[in-house]
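*Asks:* With the sequence up front, the predicted model follows.
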Amino acid sequence: MPAMARLNVGVLGLSHDHVWGNLAAVQAGEHGRLAAVAEPDPELRRRFEAFHGGVPTHDRFDGLLERRDLDAVLVFSDNRTSAELGVRALERRLPEMMGGRGKCKPATSTAVRRRPRLS
């Protein structure tokens, strides 16, 4: 059986401390590779670049979401922004995993809870 191609993983946000372990896991694993990161905070981008030099960084989330080479995204921004970014990733048909409060989950449950009710 041929080996599966590694997934190109984008990361939206670096503000949750547990993002760093997830980044290391992607880099060390055989199923994915870090393709790009978006983070508005220049200090967090510098911290990322110190450990993962060579991976493209964006200072705007839109810059990453506009890329066409991604297979999936990890979302590790603040809670409100993460929910919005998760929905935007889903609209692009990108599988996503949201981090927060010590656990990761798909954004679909958050998107459904935030969806306006129809009368």
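*Replies:* Perfect, I can see it now.

*Asks:* Can you list phi and psi of the residue minimising distance to the centre of the chain for me?
*Replies:* The centre of the chain sits closest to Leu74, judged by Cα atoms, centre = their mean, with a distance of 2.4 Å. Reported as degrees, to the nearest 10, the phi and psi values for Leu74 are phi -100, psi 140.

*Asks:* That one is in contact with Leu94, isn't it?
*Replies:* No - the criterion here is Cβ atoms under 8 Å, and Leu74 misses it with Leu94 at 10.6 Å. No exception for glycine: its C-beta is placed from N, CA and C like everyone else's.

*Asks:* Give me the common contacts of these two.
*Replies:* Gly10 (Cβ atoms under 8 Å, 6 or more residues apart in numbering).

*Asks:* roughly how far is the longest helix anywhere in the chain from the heart of the chain?
*Replies:* Counting by DSSP state H, the longest helix found in the chain is helix 79-91. Its chain's C-alpha centre and that of helix 79-91 lie 10 Å apart, by Cα atoms, centre = their mean, to the nearest Å.

*Asks:* so after that helix, what's the next helix or strand?
*Replies:* strand 96-100 (DSSP states H and E).

*Asks:* Please work out the average pLDDT along that next one.
*Replies:* Regarding strand 96-100, the rounded mean pLDDT is 80.
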